[in-house]
Structure formats: C-alpha cells, structure tokens
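**Student:** I would like to see how this sequence folds:
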Amino acid sequence: MRMKHIYLTIILLGLSSGVFAQQLTLNAESGNRAIEVGNCWRFLDYEQYTSSGSEVISGSYSLKTQMISNSSSINDTYIKTPWMKVGSGNITFKARLGSGTDPISRGVRVSYIPYNASSPGTSFEGTLVTFYSYDFVVTNNSVVNFIVPIPVAIANSTSLYKIMVSYLGQGGNGRVLSDDYVFPGTYWSNPANSCNPLPLNVPTDTDGDGVPDTQDEYPNDPYRSHNSYYPGLSQFGSLAFEDNWPAKGDYDFNDLVVGYNFNTVTNGSGNVVELISTFMLRASGAIYNNGMAYQLDGIAPNKVSKVAGNTPGSFTMASNGAESGQTYANIVIFDNFFNIMSKPGVGIGINTERLAPYIMPQSKQVVTTFINNGVNPAGGTLTLAELNPALFNMYMIINRERGKEVHLPNRYPSSLASTGLFGTKDDTSNPATGRYYKTANNLPWAVDIIQGFDYPIEKVSIDLGHLHFTEWAVSGGVQFPDWYLNLPGYRDASKIY
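**Tutor:** Down below sits the predicted model:
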C-alpha cells in the first residue's frame, strides 16, 4: 500500500520585495510541465510528466527522468527552482527508482546556487554548493521520503538562491520517479523578464495572512491558506474490520467497511488549523453495534481546541471534544454504525448480502479544530509535518464496549483499550515487543487499502475471495502486496460483494 501526501499545485506568480510566509511546491499535478517552465522552474533530461499508474507516486502525475545510464555529474539531470529567498526548515520530496535493468548506481544530490549579478551570460548563477547526498539501494524501488534541512548558511537570508535537485547514476536503463517537492521560502523570479530576479509588483493579499491571493486557497480567510489531502483530493481509502477479535470468527472483513479522506488545513504560518475528516460508510455485516474512532499518535489531547460533527454516544468526551482519559488525542467518529445507516430489514446487516436491498453509502464529516479563529490551543500549535497521515491511527470499537478496540496490525491501542484481551484466543499481541492485533501467523483483524477495497460477501472468509490475502499477511506484506487488485488469478468474484 502506498502512502501519499498530496499538496495542491501552486501556480507561482511574481512576488515583490516583501518576505511572505510561503513555500514553493512542485507536484506535477498541472499535468503539463510547460506550465512550471513558464513559472521559471527548470528541468534537464526529464520526460514530460508521467500519468502511468505504475509510475505515479502521488496524485495523478509524477516527474520522470530520462534514462540515467551515464550521469555522473549533478549538471546532467536536474530540477531547479525559480529564484527564491530561502526560508528555514526542511526541503521535502519523494522519489523512487523506476523500472529498468542492470543499474550499477543511482543517487540524489541537492545543491544551492547563489545569485551573482556579475556571473557570465544572463543566468546570474554563481558557484553552486552541494549540501546533501543520498544513494539509492538499486535492488529496491520503494518510495523514499526525503527530508533535507536547509543549510544554516542560506536559511532566511536576504540574498537570492536557486535550489537544484540532481539525479545521478551509472549502468542499466532505469529512470528515477519523483513527486511532492516542497521548498521553504519566497518566490523571487519574474516570468515576464526571462525569469530574472528583478523588483516585482506587490501581489494582492486580501486577507492579510502573508499568502498572496494567487497562492491562497482561502484568499478571504485570514486563518486558513492551504489544503493538504490524504490520500488525495476527492480520493478515498478504505478500511475493513473483522469484529470477532480476539477470535478470528468468520473472518469476512465486512463487519465495518468505511472509506476515508483527510484534509489538513494550514494557515499562512504553516501551522495546522483543522483536520477535516470525511468518512463514507459503505457496509456492515455485523450483528454488533460497532463504532469507529481515530487516535492521533503522539499528539496530546490539549493540542485540540474543539471537535464537531461526530456522534460519540455514551462515550465520555472532554470539554474540547476529544475523548477523556486518553494519553493521546482520540476522536470518536460514531459509536454505532446503524444509527447512521439503517438496516433494510432483510439479511444480517447492510450491503453484504446480494439478495438484500442495496443501501446507498452515507457520508459523515468530522472537523477537529486545532487553532480556533486564530486562538491557539492550550497545548500549542502543530506544523503539517508534525500532524502527518502516518499518525492517523483509525480503529473500530466493538459493540459499544469501550475497551474492545480493533486496530490495524502493529498500531498502538488507545489508553482505554482492554489490555487483558491481548494474547487471548487467536490474538498474539505482546505490548512488550510492540506486536499488536495479529494471529500467530500474522493475520490481521483490519486492513487499510489506499486505492479502495472490494470486500467479501457475508460469512465468506476473506482468503476465499481474495486468493493471495493469506500469503500477503503471513509474509508481512512482502508477497503479493497487490493482493486486493482484480488481476487474473487474484480473486473469486463469486465470493466478493
């Protein structure tokens, strides 16, 4: 399963002599590299953006180099930013090796180029300085999440720089795929004058939050500026749970089937304002009244200002809407699936039996507010990097019994989980080793499929519908990582709803 963090494309227009709280973002979602070139980004030895499903790292498009078979110089294959006043913090991006044969080496180098008005020609580029180096493992094409600190020498400088990300390699015919570049700083090129860094007109900033209207997704709201979607804009991942834990039960993984989309909203300073969580309730073949919640791992409850849109039922909430008695912030989404979607009166549950009526999925939106109309929470603020999707620990609560939580494998339970159930029946959880919610041969009680999931019909074990599920689970995800896809030999369609 791929983890994706989608930044909306920012069309970079000219800025003036003020320093604005912003970042330069390159994620290929324009679908046309000429747009970025027109905004003064520079590419050497790059294909047009790729939309091939096997190559896209994030969103609908990713960047793709030409073949890197004899590229030993940082000037052979690169991406250059426009001129910018560099901020502080980290440059972030994602990259992985594409398909290819017999590579000897592949690597990434990150450099900065100072502005030099006396440099030969018209580029005004001074002597570049390489400050970061990474070499890929050529036998592994997993996505690498790069976090590259801005050098102290250029952070928050009044001078101008370009940042250059270079890809090197020897041997073979493989390429490098990359996406989601974020460079802290202020855009300082002028597309109307050969991208030279000349004085520009001050852009309009209607709400006065330090983000020009052309880059502000909330141009009339001083408290919000940008959206960051997971798994993507208008995209939903899928969670499916088995509610007989700690026993395997019928193992049909349709006791709670819910789609999810998270939108993390930040302000002009880069701090998180709110987390807008949208859940699509699809199916429940349960006799239990199951609930759902999520824990923000490592985030203290006092970082939350308020919660709206959830239905926690009889569970106890603190005054800020987070659940009481928790070490980390826990948000109860609903306590009973069937209070939101009513059973049709035929069959066991909802949308798990073909002869029963189909019920349209229902959407539920929960808004967790951190900065409330400009007022910070008691526990202080969070940046986008500090509140990332890896912390969204979603789980089921079985039949309103608060301690009976079912999490994804090896995700930590909340403080209210009944630890006495660990290691009983089919469960082999061992808190001392960090093992949670797995059977002896690694079978889970919950799955998270980022691309969506076709779940089994009622009372049919998941391995009878998805024929490579067991191999995937037992191997710890090494074998058949695409077990859920509709590929030849992968499923028995008669067993899937």
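
**Student:** those strands in the stretch 51-200 of the chain, which residues are they?
**Tutor:** 63-64, 70-71, 78-80, 84-86, 90-97, 105-114, 129-135, 144-149, 161-170, 176-187 (DSSP state E, counting those that start in this stretch).

**Student:** For those strands, which has the smallest mean pLDDT value?
**Tutor:** Lowest mean pLDDT within the strands of the stretch 51-200 of the chain: strand 70-71, at a mean of 88.

**Student:** Okay, now the sheet partners of it, with direction.
**Tutor:** Here strand 70-71 is paired, per DSSP bridges, with strand 161-170 (antiparallel).

**Student:** Buried ones in the partner strand, by neighbour count?
**Tutor:** 161-169 (16 or more other Cβ atoms under 10 Å). Bear in mind the C-beta positions are built from the backbone N, C-alpha and C, glycine included.

**Student:** Kindly report the same for stretch 260-269.
**Tutor:** Buried-residue list, stretch 260-269, by 16+ other Cβ under 10 Å: 260-268.

**Student:** again, but for stretch 330-343
**Tutor:** 330-338, 341.

**Student:** Centre of the chain to stretch 23-34, how far?
**Tutor:** 18 Å (Cα atoms, centre = their mean, to the nearest Å).

**Student:** again, but for stretch 164-174
**Tutor:** The answer for stretch 164-174 is 26 Å, by Cα atoms, centre = their mean.

**Student:** Count the neighbours of the residue lying closest to residue 464 once chain neighbours are set aside for me.
**Tutor:** The spatially closest residue to residue 464, leaving aside those adjacent along the chain, is residue 495, at 5.0 Å (Cβ to Cβ, 6 or more residues apart in numbering). When neighbours are counted by other Cβ atoms under 10 Å, residue 495 registers 17.

**Student:** so what's residue 495 up against?
**Tutor:** For residue 495, the contacting residues are 456-457, 460, 464-465, by Cβ atoms under 8 Å, 6 or more residues apart in numbering.

**Student:** Kindly state the pLDDT recorded for it?
**Tutor:** On the pLDDT scale, residue 495 gets 97.

**Student:** The spatially closest residue to residue 132 that is not a sequence neighbour and residue 131, how far apart?
**Tutor:** Closest residue to residue 132 apart from its sequence neighbours, by Cβ to Cβ, 6+ apart: residue 110 at 3.9 Å. Per Cβ to Cβ, to the nearest Å, residue 110 is found 6 Å from residue 131.

**Student:** between those two, who's got more neighbours?
**Tutor:** Here residue 110 and residue 131 are compared on neighbour count by other Cβ under 10 Å; more neighbours surround residue 110, at 20 against 16.

**Student:** count of neighbours near residue 156?
**Tutor:** Neighbour count for residue 156, taken as other Cβ under 10 Å: 14.

**Student:** these two touch, right, it and residue 89?
**Tutor:** No: assessed by Cβ atoms under 8 Å, residue 156 is found out of contact with residue 89, at 9.9 Å.

**Student:** What distance do you get for residue 130 to residue 157?
**Tutor:** 18 Å.

**Student:** Equivalent analysis for residue 236, please.
**Tutor:** Counting by Cβ to Cβ - residue 236 and residue 157 are separated by 42 Å.

**Student:** repeat for residue 194
**Tutor:** On the measure of Cβ to Cβ, residue 194 and residue 157 end up 23 Å apart.

**Student:** Over to residue 284?
**Tutor:** 56 Å.

**Student:** Show me which of residue 130 and residue 157 is the more surrounded one.
**Tutor:** residue 157 (17 against 12).

**Student:** burial measure for the closest residue to that one other than its chain neighbours, as a count.
**Tutor:** Using Cβ to Cβ, 6+ apart and skipping residues adjacent in sequence, the residue nearest residue 157 is residue 86, 6.3 Å away. Neighbour count of residue 86, defined by other Cβ under 10 Å: 26.

**Student:** Next: residue 322.
**Tutor:** 25.

**Student:** So it is in contact with residue 330, correct?
**Tutor:** Yes: Residue 322 lies in contact with residue 330 (Cβ under 8 Å); the separation is 6.3 Å.
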